[in-house]
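Undergrad: pasting the sequence and the predicted coordinates here, then a few questions.
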Amino acid sequence: MNDVTHARGSLPPDAGPEAPAEASAPVAPPVVPAVPPVAPVLAPANASHLGRKFSIEARLFGRYDRAIVYAVLIGLVLSGALLLFRLEMEARELLMSADGDASERLASITRQFHVYIVGTFLTGLFMLHHVRARFRLEAKLVHQADHDPLTGLPNRRSFDAAIQAARMGSYSVVLASIDRFERVAAELGLASADRLMAMCAERIAHAALLHRGRAFRLDGVKLGMLFVGKSTHHDLTAAIFAVQAAMAEPFVLNRREVFLSMSLGTAEAPTDAGGPGELLRNASTALQAAQAYGGDTHVRYSPDLQSIRSEKLWMEAALNRAIERGEMTLHYQPQQRLRDGRLSGFEALLRWQHDGRSISPSDFIPLAEESGQIIALGDWVLREACTQARIWGERFRCPIVVAINISPRQFQHPGFLPGVRRIIDETGVSPSNIELEITEGMMIERADKVIALLNELRALGVRIAIDDFGTGYSSLSYLTRLPIDRLKIDRAFIQGIAHDPRNASVVQAAISLGHNLGLSVLAEGVESCAQREWLAALNCDEIQGFVYGRPVPAAAAENFLRNRC
């Protein structure tokens, strides 16, 4: 009888007084091993892992917690059953040794023992169910903390942790961005866009897994991939090709085929970086380069990319204050009317001088477009050009038109039309002395809205020209609907006009098309007298190029105007 403890305290309260006196003879107190308390085990063994959103280390300890709780609960039920069984045997022996018929008392005690056993068993089951539910909730929270809810892929937190875990060996990081996803999503709607993102993630994850890699969703349209042990460039390239091939297949959504592509930037450790943070920065630099190339391409990191990125960051910061510091100026390139050889107008061209260094517009204009600074820059150009056009209109009698380039982002901005109206009113310029130049590419998307906007601009009295005509994808049907005044033929067709019959045919067709639509035609990039003579023979209206004049500051342009107006 040394396996049970507290036998008397375990009996039902009403059994004690009714027991015979002989049953109260001294009995050796039974002893069993103490059962660990349950309550402390039910509390999280690692309370800090809740505060840290269930880190990976906490999950490891959580497995041991779970095993301990299950063992304790099962032990509780078994030890309780064993306890009651031994008590029943002891009571049976005590009652059978007493005088008289003890069957009724024995049956009563037995029933109470059975009730207690069943109650203990049910209590254990309830506790098991409760603990399992808690563990399921914890596992769900852990999954939510480490995975993206839309795609089911591991998230940025998991990505960082996986890179840290792989940092001691060789591994490759791939950062990817889905090209044009925002535009496609705007057409499909939010629900379909979510489905499309989930489909993209599934394909990318499958392609990466085939090459022993893992895919992660970082944010928005940006994903990451980690390939551990991809030590050869050939292996990584094969994995990249597999991902690109998976994305090249059409996505069928709402009985529509949707085509997407990806820009990818890669960096490999330890050759491209000394640590995870540096490797991620280098992969991001490579991704930006891939996007700058137009997307649907893969760029591997090289030190040259870092210098380009540093240059862009410097230029973006300097561009932010360039207007305030007076570093921006406008130069004006003259345009010649071929009919009489007279000056017909100028094109305003932006120039940037920073610390004595002249920065090419081909470098800073795309950067301003990308960063959004083109809006403020475009407003400044428009105001300066309108002010100069008003000054020349007051000083000279001949009608001079100043052409101003409008960037795509500036043209699409909601405040563009009100801004043009305000600047015209504030500068006092005659709208007929202003010409706004847009490119063909700006008319491809939302043609009806573009036409409506152009009609409102024309209602202000300004002239509209299509710049770089022949290099875009404009539809001839749109040209008949556009409220425009002039076509400007791109310089690419002018350079070979004197010796390439095909270029001459294209230019002749463009001039004829413009005239048949009632438009004037100007040829850009005219650099030789032979080119000017060819254009005159083809009945081109105006030219612009070095053969007539280079871009010059406003003061020099005014002298040019004074001599040729």
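TA: That came through fine.
Undergrad: buried residues in stretch 558-565, which are they?
TA: By neighbour count with 16 or more other C-beta atoms under 10 Å, stretch 558-565 contains the buried residues 558, 560-561. Every residue, glycine included, has its C-beta placed from N, CA and C.
Undergrad: over to stretch 510-523?
TA: The neighbour-count check on stretch 510-523 (16+ other C-beta under 10 Å) flags 510-511, 514, 519-523 as buried.
Undergrad: okay, and which of those residues map to strands?
TA: Judged by DSSP state E, the buried residues of stretch 510-523 include 520-523 as members of strands.
Undergrad: give me the phi and psi angles of residue 300.
TA: Main-chain dihedrals, residue 300, degrees, to the nearest 10: phi -90, psi 140.
Undergrad: same check, this time on residue 341
TA: The phi/psi pair for residue 341 (degrees, to the nearest 10) is phi 80, psi 10.
Undergrad: how many residues are close by it?
TA: 11 (other C-beta atoms under 10 Å).
Undergrad: follow-up on the earlier one: tell me the one of the buried residues of stretch 558-565 nearest residue 482?
TA: Among the buried residues of stretch 558-565, residue 561 lies closest to residue 482 (C-beta to C-beta), at 30.1 Å.
Undergrad: show me this protein divided up by domain.
TA: 7-146, 156-301, 322-564 (automatic domain parsing).
Undergrad: tabulate the ones you listed (JSON lines), appending mean pLDDT and distance to residue 313.
TA: Formatted as JSON lines, the domains of the chain follow (pLDDT from 0 to 100; distance: least, C-beta to C-beta, whole Å):
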{"stretch": "domain 7-146", "mean pLDDT": "57", "distance to residue 313": "32"}
{"stretch": "domain 156-301", "mean pLDDT": "89", "distance to residue 313": "10"}
{"stretch": "domain 322-564", "mean pLDDT": "90", "distance to residue 313": "10"}
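Undergrad: rebuild these as CSV, extending it with distance to residue 311.
TA: CSV is the format used below for the domains of the chain (distance: least, C-beta to C-beta, whole Å):
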stretch, distance to residue 311
domain 7-146, 38
domain 156-301, 12
domain 322-564, 9
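Undergrad: so how far is the helix or strand residue 157 falls within off the chain centroid?
TA: Residue 157 is part of helix 156-166, with elements assigned from DSSP states H and E. Mean-position distance between helix 156-166 and its chain equals 19 Å (C-alpha atoms, centre = their mean, to the nearest Å).
Undergrad: what pairs with whatever helix or strand comes next after it, parallel or antiparallel?
TA: Where DSSP H and E defines the elements, the next helix or strand beyond helix 156-166 is strand 171-178. Strand 171-178 has the following strand partners under DSSP bridges: strand 222-228 (antiparallel), strand 262-269 (antiparallel).
Undergrad: which of those strands sits closest to residue 394?
TA: Of the strands paired with strand 171-178, nearest to residue 394 by C-beta to C-beta is strand 262-269, at 51.1 Å.
Undergrad: name the residues of the helix holding residue 157 that are buried.
TA: 157-160, 162-163, 166.
Undergrad: what packs against it?
TA: Contacts defined by 3 or more C-beta pairs under 8 Å, 6 or more residues apart in numbering; DSSP states H and E place helix 156-166 against helix 103-146, strand 213-219, strand 222-228, helix 276-292.
Undergrad: let me know the angle separating the last one from helix 156-166.
TA: If I follow you right, that is helix 276-292. 120 degrees (axes from the mean of the first three to the mean of the last three C-alpha atoms, to 10 degrees).
Undergrad: ditto for the longest one
TA: Relative orientation of helix 103-146 versus helix 156-166 (the same axes, to 10 degrees): 90 degrees.
Undergrad: swap in the second one?
TA: Between the direction of strand 213-219 and that of helix 156-166, the angle (the same axes, to 10 degrees) works out to 140 degrees.
Undergrad: buried stuff in strand 213-219?
TA: Those would be 213-218, for strand 213-219 by 16+ other C-beta under 10 Å.
Undergrad: list the contacts of that strand.
TA: 148, 150-151, 153-156, 158-159, 162, 174-175, 201, 204-205, 208-209, 223-228, 230, 239 (C-beta atoms under 8 Å, 6 or more residues apart in numbering).
Undergrad: output the helix holding residue 157 as PDB, restricted to C-alpha atoms.
TA: Provided in PDB are the C-alpha atoms of helix 156-166 (Å, rounded to 0.1, in the frame of the first residue of the first chain):
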ATOM      1  CA  ARG A 156       9.900  39.400 -45.800                       C
ATOM      2  CA  ARG A 157      10.500  38.400 -42.200                       C
ATOM      3  CA  SER A 158      11.000  34.800 -43.200                       C
ATOM      4  CA  PHE A 159      13.200  36.000 -46.100                       C
ATOM      5  CA  ASP A 160      15.500  37.900 -43.800                       C
ATOM      6  CA  ALA A 161      15.700  34.900 -41.400                       C
ATOM      7  CA  ALA A 162      16.400  32.500 -44.200                       C
ATOM      8  CA  ILE A 163      19.300  34.700 -45.500                       C
ATOM      9  CA  GLN A 164      20.700  34.900 -42.000                       C
ATOM     10  CA  ALA A 165      20.500  31.200 -41.600                       C
ATOM     11  CA  ALA A 166      22.400  30.700 -45.000                       C
END
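Undergrad: list of residues touching that helix?
TA: With C-beta under 8 Å, 6+ apart, helix 156-166 has contacts from 56, 145-147, 154, 171, 173, 214, 216-219, 224, 226, 228, 276, 279-280.
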